[in-house]
Structures are given as C-alpha cells and as structure tokens.
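Q: What would the 3D arrangement of this be:
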Amino acid sequence: MATINSFTSYCCLTWIITTLLVVFLLFKKYFLAHFTTKTPHPPSPLALPIIGHLHLLSSRLPKSLETLARRYGPLMQIRMGTTPIIVVSDVNTAKVILKTNDADFASKYPLGFGLSKFDIYYGYSFVNAQYGPYWRFMKKLCMTRLFVGPQLDEFIHIREQEALNLLASLFQKSREGMPCDLGKELTALTNSIICRMAIGKRCKENPNLPSDIRKLLQGMMEYAAKLSFTQVFGPLQRLDLSGNGKRLVSTMWEYDRLMEKIMKDYEADEVNNCQKEGSDVMDILLETYRRPNDEWKLTREHIKNFFLEIFFAGVDTTAATIEFAIMELLNNPNILEKLREEINSVVGTNRLVKESDVPNLPYLQAIVKETMRVHPSGPLLRRQCNKDSKINGYDIKAGDRILINMYAITRDSRLWSVPEKFLPERFLTNHKDGVGQIDYCKGQDFSFLPFGSGRRACPGASHGLIVTHTTLGALVQCFDWKVKDEEKMDIKLVTGYSGAMALPLKMTDLQYYAMPLFMLLASIFFIRTILAKLARNKACLPPSPRALPIIGHIHLLGPIPHQAFHKLSARYGPLVYFFVGSKPCLLASTPEVAKEILKTNEAKFLSRPKVANLDYLTYGSADFATVAYGPYWRFMKRLCMTQLLGSTVLEQFLPIRREETKRLLMSIQKKAEKNEAVNVGGEVMRLTNNIISRMMLRTRCSGDEGEADEVRKLVKEMNVLGAKFNLADTFWLFKYWDLQGFRRRVKDARDRYDALMERIMKEHQDERKRRKEMNDLQGTAMKDVLDLLLDIYEDENAEMRLTRENIKAFVMNIFGAGTDSSAITVEWGLAELMNHPSVMEKARQEIDSVVGENRLVEESDIANLPYLQAIVKEILRLHPTGPLVVRESSEDCTIAGYYIPAKTRLFVNVWSLGRDPNYWENPLEFRPERFTGEEWSGKNNFLDVKGQYFHLLPFGSGRRSCPGASLALQLVPTTLAAIIQSFEWKSGNRDGGTGKVDMEEGPGLTLPRAHSLVCLPVTRLNPSLFM
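A: Below is the predicted model:
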C-alpha cells in the first residue's frame, strides 16, 4: 500500500510539473509571438524553464553542439541553465569574429559559470582577463620574454632530460612486461617540464615539488567540476550544497601558501646574490614585479595566478594530444610504420630524435596536425563581445558569450575530404585537400585553429608543438606499441569544454537530476520566502501595505507615482516599505524623514538604482546623473560646479540667453498679430532647447518648426523610454527577456542620438584643429561646453580621462534635464498666473515699476523683483519638475527607528513635501505671499530652493542635488517675467468658457501637464523691443 501511495504521489507531482511546463510553453509560443517585437537574434532551440537547453546537451559537449548546428545553422543561441551562449560552427562566421571583428571580440569569459565566488584569485587572471591594459601587458611579456624562441632554447636541456626520464620509465615497464598507463606517464612528463621551466631552482632542491603541485591542481579540478553543475543555475550559484566550494577554496589557499614560500625563497636568493644558472619564468616575473615604472604593476596575486594558469593549460593539453596521436597510430598501423620508417631514415637507430630533427620529418608534422584536427585539445574557443555588433545579420550585444566550435569546423565535409578519417597525408603538399602549407601556430587558416587565432591565440603554442613532436617521435622510435587486450581502441571525445583533463564544467545525465533539482528549487523558494518574512518581522521594517505574490505592491501604484505615493503615506505614515515586484523600496514623505535620509545618512544614500532602459541610453551608466557614486562622479560634479555650469561660464553665455529670449518673444508677437493661439509649452521648449544647444554645442537645434519638433521628439522619446516601467528591472525571472520590446526601441533612439552627437563632435574637433593650425584670433573664440569636455578628453594629464561615451552621455543629461524641466516650470507658472489674475497683475506692476516699459526685463533685474522670486518658489513648491528624489541605500542603516536593508530603492516624495500642512498653511492654494514676508508668520521669507530646507526640495539636496539649479534659477524667472511683461494672456476656455486653465498633471519624470497650455497673447509692449 505504501508503495502504491508513493507511486501515486510521484505521478501527481509529475502531472503538476508537466501541466505547468505546458502552460509556460503555450504562453511563450502564443503570447510572445503576438505581443512582442522580434529582434534579429540568432536562432535557438526551444528552451525549458530553469535548465534552458541542458536537456539537448550530452557529456560530449562539442559533439552535441555540432548536432544542433546542423539543424539550427552555423550561428545559434543556447542557454546553459540561466547562461545564454552564442555558438559558431562554420569557418566563415569564425573568420568574421576572429579576424574581421577581432577587436570587438577580444575579451574572454571564465569557463566556470559562477565559480568566481570560490576563486581566491578572481580578477587576477591573464587567460580570462578582459581585453585591456593588463592583458596587453602580459601578452607582450609572454611574446617577448617568457615564451619567445631564445628563452625556450634555454630550457632545451630540461625537455631532453625529462624525455629521457619518460623513456627510462617505459623501458623499465617493458623489460618487466608490465602495461603502462600512457596518459599518466605523459602527464608526469609535461608537468615536470612546465614546473622546471617555471620554478626550476626549487624543483632542483625538491624533486617531489612537481608531483605536489600536480596533486593540488587535480584537487582543484575535481572540486570545480563537481561544483559546476549547480553553478549553471542562477538560483543555485550562491549555494555550496555539497561543500565542494569550501574544499576548492581550501585547496587554492594551500597552493597560495606553497607559491608564496617559493617566491620568498627566490627573493632571498636575490638578496643573498646566489649564483644563477639561467633565468626561469619565476625569475622573469619577479624581475618585472620589482620594476616600479612598468606600464602595469604586477602584484603577487597576478604572479601566483599566472603560474596556476600555465600549469593548467600547459600540462594536460600537450599530454592529451600525444596520447590521442598514439591511439590513432595504434588504430592505423600502416601510418605508424610509415612514420617509423621516416624517423629511421632521417635519424637512424643509434641516437634519439631531437628537436632539431623535426623540420626534416614532414610526415611526423602531418600526423601531429591531423591529431590536432581530429582531437583538438581546445575544441571550443571562448570569446566575449565588447560592444554591440552585427554578425551574419544578427544582433550580438555587448557582453554576449561566444563559443566557436572548432570540433565542428574541423569535421566540415565542405572543408575536409572524409573528415572522420585519420589521414595525415592531407597535410602533405601533394594531397588533394591542398592544406599542406597550413601554419597552425599563427591561426591564419580558420578551418584549422588548434591554438586559436588573433589577439587571444595561445601564447604557449611554440612550446606545446616542440614537446609534442619530439615526444611522439621518441615514443614511436623507441618502442613497439600494443593494446593490452589486442582490440582496436575506441577513441571517444572526452567530457566538457576541453579535450584535456582541465575541465571546469562536467556535463551529467540530466534525467538523474531533474526531479531532485525541481524539488530543491521549490524548497529554496519556499524557505527563502519564510526566512525573508521572519527577517522582516525581526528587523523592524517600516510599515507596509499587504503585498500580493510576485508583483508586490505594483497594484497600488498608478500612472502618476508621486500621487499614488502621497495616498500611501496618508494611510501608512511618513515612512513606507513596499515592493515593486521583487525590488524592496522605501518611501519618505515628510521633511523630518527626508532630512534624516538626505543629510544625516547622506553617505549611505548617494547611489542611484540601475534601470535597464536608462543604463542602455546612457552607454552603460557612462553619464553623470545615473553613475554610481565614486571617483568619476566626484570628478564630474567638481567639473560642473567649477567649469561647465559654474557662474563664470553661465555669465559668459548670457548673450545667448538674451538673444534666444528675444526670439521667443518675436515668435509669440507674430502669432499675436495674427490672433493665433500659442502652445506655451512648445514655444518655451524651443527656447530652452536652443539655449542649451548653443551653450553645449555652439549651434541652434531649432532653426525652424520641423527641426525643432524633431529635436524635441528625440529628447522626449528618450525621457519617456527611460521612465517606462520595465519588467526586467522588477522581476528577476524576466531579467534576460524583452517581453515589452524595449531593446529595439531604446537601441533605435540611442543610435539616432549617437549618430547626431558623433557628427557634432567630429565637426568640433575639425574646427578646433583648424583654429590651432591657423593660430589667429578665431582661436580665442568663446568655448562651448563640448569644447571644455573635449579639452579634458584630449588632455593626457587630466585627473580623469573622459571617453567619447562619457561626453555623449553628459550632453544627453543636460539636454534631458535642462530642456524639459525649465520649460515645464514656466508653463506651470503661466497656468497658475492665468488662474490667479490678481497675482499676475501684481507681478506685472512690480516689473513695470522696476524695469519700466521701455526695455525688456534682464537677468540682473531679478534680484530687485522679490514678488517674482516668490512666484517662482511657489511654482516650484506646487509643481516640482523633479517630484521624486530617487536613491539607493549602499549599506544597512536605521531611519526613524526602522531598519533599512542595503540595496533598497529610496523615493523621497518632493511633491508631498511641498504640500505638508505642518509646514505650509493652506498647502493646495497658490499664494506667493507666503515667500514675501506678507504672511502672518514670515517663517518662509528667506527660504531658498538649493536643498537646505527639507520641506522645499525642487532641486534635491546634498551631494547629488541638481548641478544645473543655478542655470534654471536664471532662466525660469527671466523667461516668466518677459512673457508677462510683454503680453496679456487669455485662456483658450478649455473648461466650458470659465476662463480657468486645467491644472491636471500628466505622467512623466518631470511632472508635465496632462494638457498643453494653449493661450491667446495680446501684445502690451512695443514690438521693436523684441528685435
């Protein structure tokens, strides 16, 4: 009975899993097909949830990928668990990546999918280093010092001695009639050679040192291979369920202690001036380590990890190639006999084959080449895309991982006749394949790349070929070989990424793991949910509404977030903790709490959350507004305050603002003459757009209506896309999916902006060059902000070197923030004045009394217009163009007695602060007098808006407050004063002829109006003043 119940339970569980899987697949097939925009990504087999395509892969990974490529094409995308990988399986695509676009694919990714948390040398790798200064320095060192011809010649005695030791060991076993494990013998040979080349002095003192190092390496490989299965799955990457991660770390620290002792011994010998017998690799690296003025300063960790990588790369790959060659020769005795005859005819039987004999043994060379073709020790070449590219018409994104399947390419029947057959003759010059002259060291023939190609080709190729040729020649020359059981050997592709034993990933039969894996993931999710709930209760988090599964509190948020937040605060208090999907958020809505966060705990809230759309639009947060708090942000903030947006620069641009204001008034005057209505927001947007453009780029973007609309639409489009709700930001499950089709739209918008900015920057650089060459008075012309940025870009001694992306992203910040926000503030201001004609009349009387009617108001007049200043403050109180200050906590902290975890998104509701009845009497009433001293208390008389008063924060507060506040506070009052001085304004009677202007807010980052302000202007000044 128990067995039946158990079986029934198992069937029910299987049925539930199958049902959920079918629902998911139907959802993916039909919903995504109809509601998402397809982007040109490489084809991909149907993936399963969680495991991706692991069910299609066997332990012989290159073979599995070759089989898939026959169906899905030479460029396809697969997922190993949660890790997406693009697989290349034909020679032409490989050439495009490795030669045509070599620089764009010059980085590598580590083989261990998430093993970095167990790697004590993470970040110090040479083999897997990102393409950059460190990698170039080490590659140059390898090619000029470590593995160059003269240095390898110094080690010839080591290779000869170790070859003799191998032959002696085999001779002893032969004499005793004992079989030998050739793989172990060859591994011992290559290990000893590498160790003596690397740390020869210590090996001479301690002959057991190579075997000790080998045992440590084998332990690391074993633990890494056992770990790697769970590391493929994102949810399991943080776990060390079997304890193998702990064992791996322990073994690596044991290796670290051994290498540290060896390095100290070398340094002691140097201090004691011990006699040297040539330099080994450790001598050269320590010499480099001691040089202070090298282009890259090596650390001890760099050296230790470099040795670890050459031990891994140089030992097993060479041994495996020789072993495969012997196996093929045993299966093809006629080839073995032909090779032995060639060796006997060239070398004879009275001496051993030497390295100098190899050039005279073409058949031996052909056998080694054919072995590397059929059994490449690196069957999968890894690359990582450095920037967005297009390969074969498909989009390849920056950061995408690439696998080039050389196993499939070297078995392509279009390139090789009878590719499955071991045929060394194909590499002889007279063969019909015509590949006899292939140079496999240089990686120029993309049908045969045993050592890779391009910048990331193997630097140890020459050494590997020397050992392989001479060892194989000696084994064939000295011994007859027989298989133990007198049967033909079955040669199989070994497991994993490499043809050698150094396997960071070991594939296992998935059916064995399927049910335990599902139960494990479900248990983890359940336990994590319970623990999170207990932690929240124990940690005394702020009050929170009841959340729904998965979506959190999204259902409580409307299209205008600051209004929804205001309602939440009214019910749950000044500090509210809530979830947007899986993201924890904190809402602050009173001045007291805002002060505690933005002033008392400012250092813990200096970063901003990363948002996918904004991150892409700003070139990977290369801008100033969204970049994480750090050296670059501090440099740019200081630059803004002292040069780019400082008072001296703003004063320099005063003629621009004056000229563009007159253009605005002239445009309105023309419509007033025709009795046409004016879209105030559009006109002021054109003004701010042209001012910003001329300050930044020395050119007007809006010379006519069509061009103005185009620029405005581009800025607006990028702002809207940046503010859109993206599922990928909210739910970890959708991190790699683009269900809403944002990627194409965001890429299109940024590409258009990038093309425009690249053209403008090129024109600026050409003009700067021309001025410099002419060396005339034009060289002293007024610089715009882009000139100042290019000065820093071209200054090699600058504190921080700017990139072109930094410059483009900064210009985007200024356009996005300065154009919209100032125009919207002026539009709100005029709308309020039209709804309060007494206030408008009072402001106009003040302007007439101070300025008069014979000239236009100037920026210098603003200081003498206190009521106008009060109007601007009141506008910013009721309609802040930054209604939410957004930050992210960088560490755990306590606010108002509540625990706030790190990585919590913060929203300070500036819109609510300006409506707090504890600080503002009749807060919903538009009453500028509260800022003039005419109110009963006068407590707001001297309020400024620079962030020191936490019930009025239109520009934020503290270090991350808006750097363009000074420009806005010059532009907004002057523009508003000019349009009420120059014109009477009449409502378009949208509200049934009452004359009241609709004050409804619309969605957006900068608090736009729901409906554009359209009014009829009536000129009240002499139009000649606008000229």
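
Q: so after the lowest-mean-pLDDT helix or strand in the chain, what's the next helix or strand?
A: Here the helix or strand of the chain ranked lowest by mean pLDDT, DSSP states H and E is helix 32-35, holding a mean of 43. Sequence-wise, the next helix or strand downstream of helix 32-35 (DSSP states H and E) is helix 61-72.

Q: buried ones in that next one?
A: Leu61, Pro62, Lys63, Ser64, Leu65, Glu66, Leu68, Ala69, Tyr72 (16 or more other CB atoms under 10 Å). (Each C-beta comes from the backbone N, C-alpha and C, glycine too.)

Q: just how off-centre is it within its chain?
A: Between the centre of helix 61-72 and the centre of its chain there are 29 Å (CA atoms, centre = their mean, to the nearest Å).

Q: so what does it touch, helix or strand wise?
A: strand 75-80, strand 83-88, strand 380-384, strand 401-405, helix 406-409 (3 or more CB pairs under 8 Å, 6 or more residues apart in numbering; DSSP states H and E).

Q: Please tabulate those in JSON lines, including the columns mean neighbour count and mean pLDDT.
A: Shown next, in JSON lines, are those (neighbours: other CB atoms under 10 Å; pLDDT from 0 to 100):
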{"stretch": "strand 75-80", "mean neighbour count": "21", "mean pLDDT": "89"}
{"stretch": "strand 83-88", "mean neighbour count": "23", "mean pLDDT": "90"}
{"stretch": "strand 380-384", "mean neighbour count": "23", "mean pLDDT": "90"}
{"stretch": "strand 401-405", "mean neighbour count": "24", "mean pLDDT": "92"}
{"stretch": "helix 406-409", "mean neighbour count": "26", "mean pLDDT": "92"}
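
Q: Tabulate the ones you listed in JSON lines, adding columns for distance to Gly278.
A: Shown next, in JSON lines, are these (distance: least, CB to CB, whole Å):
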{"stretch": "strand 75-80", "distance to Gly278": "45"}
{"stretch": "strand 83-88", "distance to Gly278": "43"}
{"stretch": "strand 380-384", "distance to Gly278": "34"}
{"stretch": "strand 401-405", "distance to Gly278": "38"}
{"stretch": "helix 406-409", "distance to Gly278": "36"}
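
Q: closest to Leu209 out of these?
A: strand 380-384 (31.1 Å; CB to CB).

Q: Residues in contact with the helix or strand immediately after the closest one in the chain: which ones?
A: Counting by DSSP H and E, the element after strand 380-384 in chain order, helix or strand, is strand 389-391. For strand 389-391, contacts defined as CB atoms under 8 Å, 6 or more residues apart in numbering pick out Leu75, Thr93, Val96, Ile97, Asn101, Asp104, Phe105, Asp395, Ile396.

Q: hmm, back to that, so which of the helices and strands packed on helix 61-72 gets nearest Asn208?
A: strand 380-384 (34.5 Å).

Q: Run the angle between the closest one and strand 401-405 for me.
A: 160 degrees (axes from the mean of the first three to the mean of the last three CA atoms, to 10 degrees).

Q: now for the helices and strands packed on helix 61-72, which one comes closest to Val127?
A: Nearest of those to Val127, taken as CB to CB: strand 380-384 at 9.7 Å.

Q: and that closest one, what does it pack onto?
A: So strand 380-384, by 3+ CB pairs under 8 Å, 6+ apart, packs with helix 61-72, strand 401-405, helix 406-409.

Q: will you turn those into a markdown table that also has distance to Glu160?
A: Shown next, in a markdown table, are the helices and strands packed on strand 380-384 (distance: least, CB to CB, whole Å):
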| stretch | distance to Glu160 |
| --- | --- |
| helix 61-72 | 35 |
| strand 401-405 | 36 |
| helix 406-409 | 32 |
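
Q: of those, which approaches Asp751 most closely?
A: Closest of the helices and strands packed on strand 380-384 to Asp751 is strand 401-405, at 22.6 Å (criterion: CB to CB).

Q: Need the distance between the two termini of stretch 738-745.
A: End-to-end distance of stretch 738-745 (CA to CA, to the nearest Å): 11 Å.

Q: Please spell out the segments of the stretch 651-800 of the chain that come in under the pLDDT threshold.
A: Within the stretch 651-800 of the chain, the stretches with pLDDT under 70 are 700-713, 715-716, 732-736, 775-781.

Q: can you give me the strands for it?
A: Ranges of strands within the stretch 651-800 of the chain are 678-679, based on DSSP state E, counting those that start in this stretch.

Q: rewinding a little: between the helices and strands packed on helix 61-72, which gets nearest to Gly454?
A: Of all those, it is strand 380-384 that lies closest to Gly454, at 9.2 Å by CB to CB.

Q: For Asp104, see how far away Leu802 is.
A: As defined by CB to CB, to the nearest Å, Leu802 lies at a distance of 22 Å from Asp104.

Q: I meant Pro866, not that one.
A: 59 Å.

Q: who's more crowded, those two?
A: Asp104 (19 against 16; other CB atoms under 10 Å).

Q: Now do the phi/psi pair for the more buried one.
A: For Asp104, the backbone dihedrals (degrees, to the nearest 10) come out as phi -80, psi -20.

Q: How about the contacts made by it?
A: Contacts of Asp104 by CB under 8 Å, 6+ apart are Cys385, Asn386, Lys387, Ser389.

Q: hmm, 6 Å instead?
A: Going by CB atoms under 6 Å, 6 or more residues apart in numbering, Asp104 touches Asn386, Lys387, Ser389.

Q: Mind pulling the model confidence for the first one?
A: In this case it means Asn386. For Asn386, the pLDDT comes out at 87.

Q: now do the last one
A: Ser389 is assigned a predicted lDDT (pLDDT) of 87.

Q: Quick check: the residue lying closest to it once chain neighbours are set aside vs Arg694, distance?
A: With sequence-adjacent residues excluded and distances taken as CB to CB, 6 or more residues apart in numbering, Ser389 is closest to Ile396, at 4.6 Å. Relative to Arg694, Ile396 is positioned 39 Å away (CB to CB).

Q: So which of the two has more stuff around it?
A: Between Ile396 and Arg694, Ile396 has the larger neighbour count (other CB under 10 Å), namely 23 against 20.

Q: Ramachandran coordinates for the more buried one?
A: Per-residue torsions, Ile396: phi -110, psi 120 (degrees, to the nearest 10).

Q: Run a quick check on it versus Cys385, I expect a contact.
A: Yes: counting by CB atoms under 6 Å, Ile396 does reach Cys385; the two are 5.1 Å apart.

Q: which residues do the two both contact?
A: With CB under 6 Å, 6+ apart, Ile396 and Cys385 have no common neighbours.

Q: Show me this structure divided up by domain.
A: The chain is divided into the following domains under automatic domain parsing: 1-38, 87-478, 513-539, 593-1026.

Q: mean pLDDT lowest for which of these?
A: domain 1-38 (a mean of 45).

Q: how about the helices and strands packed on helix 61-72, which one is nearest Pro207?
A: Pro207 sits nearest to strand 380-384 of all these, at 36.1 Å, using CB to CB.

Q: got the contact list for the closest one?
A: Outside strand 380-384, the residues touching it (CB under 6 Å, 6+ apart) are Pro62, Phe105, Ser107, Lys108, Tyr109, Arg401, Ile402, Leu403, Ile404, Asn405, Gly452, Tyr497.

Q: mind putting the residues you listed in JSON lines, distance to Arg877 included?
A: Formatted as JSON lines, the contacts of strand 380-384 follow (distance: CB to CB, whole Å):
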{"residue": "Pro62", "distance to Arg877": "67"}
{"residue": "Phe105", "distance to Arg877": "54"}
{"residue": "Ser107", "distance to Arg877": "51"}
{"residue": "Lys108", "distance to Arg877": "55"}
{"residue": "Tyr109", "distance to Arg877": "51"}
{"residue": "Arg401", "distance to Arg877": "51"}
{"residue": "Ile402", "distance to Arg877": "54"}
{"residue": "Leu403", "distance to Arg877": "58"}
{"residue": "Ile404", "distance to Arg877": "61"}
{"residue": "Asn405", "distance to Arg877": "64"}
{"residue": "Gly452", "distance to Arg877": "64"}
{"residue": "Tyr497", "distance to Arg877": "62"}
